[in-house]
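Colleague: pasted the sequence and its predicted model underneath.
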Amino acid sequence: MQTHQFQTEVRQLLDIVIHAFYSDREVFVRELVSNASDALEKLRLRQLTESGIYQPERELRISITTDEEARTLTIADAGIGMTADEVVEFLGTIAHSGTKKFLEMMKENQGGPQDLIGQFGVGFYSVFMAADKVEVTTRSWQPEAAPVHWVSDGREGYELGEAAADTPRGTSILIHLKEDAANFSKADHVRYILKKYSNFVGFPIDFNGEHLNTVQAIWMKNKKDVTAEEYEGFYQFIHHTDSKPMSYMHFSADAPIVLNSVLFVPEENPEAMGFGRCEPAVSLYCHKVLIDSKPEKLLPEWLRFLAGVVDSEDLPLNISREMLQDNSLLRKISGIITKRFIKHLEGVAKNDAETYEKFWALFGRYMKEGVVTSWEHKDALGKLLRFQSTFTEDGKLTSLDDYVSRMKENQKDIYVLYGASRAQLENSPYLDALRARGFEVLFLTEGGDQFVMDSLMKFADKDIKAIDRANLDLPELEDAQPDRPGLDEAAATALTGWVSETFKDRFSKVTTGNRVTNAPAIALQGENDLSPEVKAYFKAMGQDVPENHPEIEFNPHNPIVMKLAELRESDAALAELLAGQIINTALLRAGMLEDPAALADNSQALLEKLLQK
Ligand code: ADP
Ligand code: MG
């Protein structure tokens, strides 16, 4: 017998686990049954490629026994087992990254939401919620490995020794229950807990000598034959959670590929809760045999929040993980499932707006990620996007489809405006021209939105245009009086020519036009300029970014502009100061003024000059 200390993190985790809520306790049964099932899956997969397996004829099943008198519960499997080294690694350290994250979270909010144990299972160690001593007896599938016996009270450490020579292949976990957890040694209580999950375990379960589950893979069944409760139970089992899924999709196809899949949208987003990046949680099966529980390439990255199962009989059973990385069949499967899932979400949006709103709040940014990274799905994903707009109430969202249905007859494009918040954007000078024409403008206020729209480019065959850009091409105002006072064409050309000459190299173009109704001028993003967000991104990547050369558009009907056209000839010095004032103010309103001091200096000089007059 050797005594070992638990890794510090394990001790910290155990300390939390031991003090967990009484009501969370039963999750340990789910965790241990899931480990037994994993161990059996691993053995079944090994059998396909290895011939030297210890006790090859031993049946793949789970045996569970209660002993009320001894106050114990035993969960045993004929799975892959563990060698002594593996026991030290798997049951003495925290290998699972999710568990590590859980621990960090718990440390951060001291005494915080203890019930997270129920929501994010902590695996094997959860047994110490109910046990004051646990004995693990295990024998690896490798014929030469010695059987191992592990004992711990879940506090400081554990003892490790050899197990009896006749120990069969697999793992047996003998749980000595705490006094106040005695109900886990009662047959009726344990049967009740097992019923919840055992239907989804792909191996027979014996309970106190009687056969418990009828093995069934719900994803292979006809969806008419599966109840909502069964889907929920299945989700809770595979995703180690107590909560219900927000939404699920059950999909089967025979052609071009035989596919059966159940996918779940969780009700929480672990990434948003600080748990770090989600690991893939959609497992890959070939005719009910697990091939990979966390396949990296099965679904695109932006669907990493999903849980579930994809089963295809067309995959070769003995496919290796390396082959999975680069497999054209897998790519096809990925494409089909992704397409179906987008359709599913469209259905949710149509038939259950409330759920879709919740979905969008939690997972909307993954859909945007999809637009940017999955070229082949971007148009379908466009239908799922939601934004605020000049036509929505504060905080309410619209789809692009609804936007298009509201477009005016003389409106060609979809208009968007980027910025930090709705409140800020509502004061934007760019809105004038669109409001005056009754055109709706989408407010895009999240980081990355410019990349999303630059990737999308079009929706329903309409170009998406940022209204701070030069090339907007708006129709004339319907109620514009042709005879209102303003510069004629010759005067306008002379003025803009003079401004370009006077402010050489600062602007790519100086024009007159109809983009502002009140202000004297407006600054526009040059047609080929990088947007501020894209510029900031390249800068952060350490790349040189070209300077922007905005355009200035004067309002030929504005009295100050008309005065400027006169002054240009009578008092060139004053005209230059006035033009500088108009231009800098326009740049400031557009958020494009790089040097605010220039505006202040110009104001001062202008005032001095005017007071001398
Ligand atoms: P996870 O299952 O998420 O990896 P657990 O804490 O539940 O985390 O289990 C830790 C590891 O211990 C498993 O990955 C597995 O390698 C090993 N293990 C646990 N139970 C068994 C078992 N019944 N048979 C074989 N290995 C097991
Ligand atoms: Mg586990």
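Modeller: Structure's in. What do you need? Ligands and ions are numbered 1, 2, ... in the order given.
Colleague: and the residue in the stretch 101-250 of the chain that ligand 1 sits nearest to, how many residues sit next to it?
Modeller: Closest contact between the stretch 101-250 of the chain and ligand 1, by C-beta to the nearest ligand atom, is at Gly123 (2.4 Å). Any C-beta I mention is one placed from the backbone N, CA and C, and that applies to glycine too. Number of residues near Gly123 (other C-beta atoms under 10 Å) recorded here: 22.
Colleague: please give me every residue in contact with His344.
Modeller: 247, 249, 251, 263 (C-beta atoms under 8 Å, 6 or more residues apart in numbering).
Colleague: which SSE is the last one in?
Modeller: Following DSSP states H and E, one finds Leu263 within strand 259-265.
Colleague: that strand pairs with which strands?
Modeller: Sheet pairing here is set by DSSP bridges, and for strand 259-265 it gives strand 247-253 (antiparallel), strand 307-312 (antiparallel).
Colleague: highest mean neighbour count out of those?
Modeller: strand 307-312 (a mean of 24; mean count of other C-beta atoms under 10 Å).
Colleague: is ligand 1 contacted by it?
Modeller: No. Strand 307-312 stays out of contact with ligand 1 when judged by C-beta under 6 Å from any ligand atom, the minimum separation being 13.8 Å.
Colleague: do the same with stretch 225-240
Modeller: No. Figure legend: stretch 225-240 not in contact with ligand 1 (C-beta under 6 Å from any ligand atom); closest approach 7.9 Å.
Colleague: can you give the domain ranges for this protein?
Modeller: Per the record, the chain has its domains at 2-211, 218-367, 385-480, 485-527+540-613, by automatic domain parsing.
Colleague: now find how far off-centre the first one is within its chain.
Modeller: What it means is domain 2-211. Averaging C-alpha positions (C-alpha atoms, centre = their mean, to the nearest Å) puts domain 2-211 31 Å from its chain's average.
Colleague: please apply the same query to the last one.
Modeller: Offset of domain 485-527+540-613 from its chain centre (C-alpha atoms, centre = their mean): 44 Å.
Colleague: what does the shortest one give?
Modeller: The chain centre lies 25 Å from the centre of domain 385-480; the measure is C-alpha atoms, centre = their mean.
Colleague: stretch 284-294 too?
Modeller: 24 Å.
Colleague: those residues of this structure touching ligand 1, which are they?
Modeller: Counting by C-beta under 6 Å from any ligand atom, the chain sits next to ligand 1 at 31, 35-36, 38-39, 77, 79-82, 90-91, 96, 123-124, 171.
Colleague: taking the stretch 401-550 of the chain, what residue is nearest to ligand 1?
Modeller: Counting by C-beta to the nearest ligand atom, the stretch 401-550 of the chain gets nearest to ligand 1 through Gly448 (32.0 Å).
Colleague: what is the neighbour count of that residue?
Modeller: Neighbour tally, Gly448, other C-beta under 10 Å: 15.
Colleague: now the one residue sitting closest to the centre of the chain: how far from Ser261?
Modeller: Nearest to the mean C-alpha position of the chain, by C-alpha atoms, centre = their mean, lies Tyr366 at 4.1 Å. Per C-beta to C-beta, to the nearest Å, Tyr366 is found 18 Å from Ser261.
Colleague: check Ile291 too.
Modeller: 14 Å.
Colleague: all strands for the stretch 201-350 of the chain, in order.
Modeller: 205-207, 210-211, 247-253, 259-265, 281-286, 289-292, 307-312 (DSSP state E, counting those that start in this stretch).
Colleague: distance to ligand 2 added to those strands, as TSV?
Modeller: Listed next are the strands of the stretch 201-350 of the chain as TSV, based on distance: least, C-beta to the ion, whole Å:
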stretch	distance to ligand 2
strand 205-207	17
strand 210-211	24
strand 247-253	22
strand 259-265	18
strand 281-286	13
strand 289-292	14
strand 307-312	15
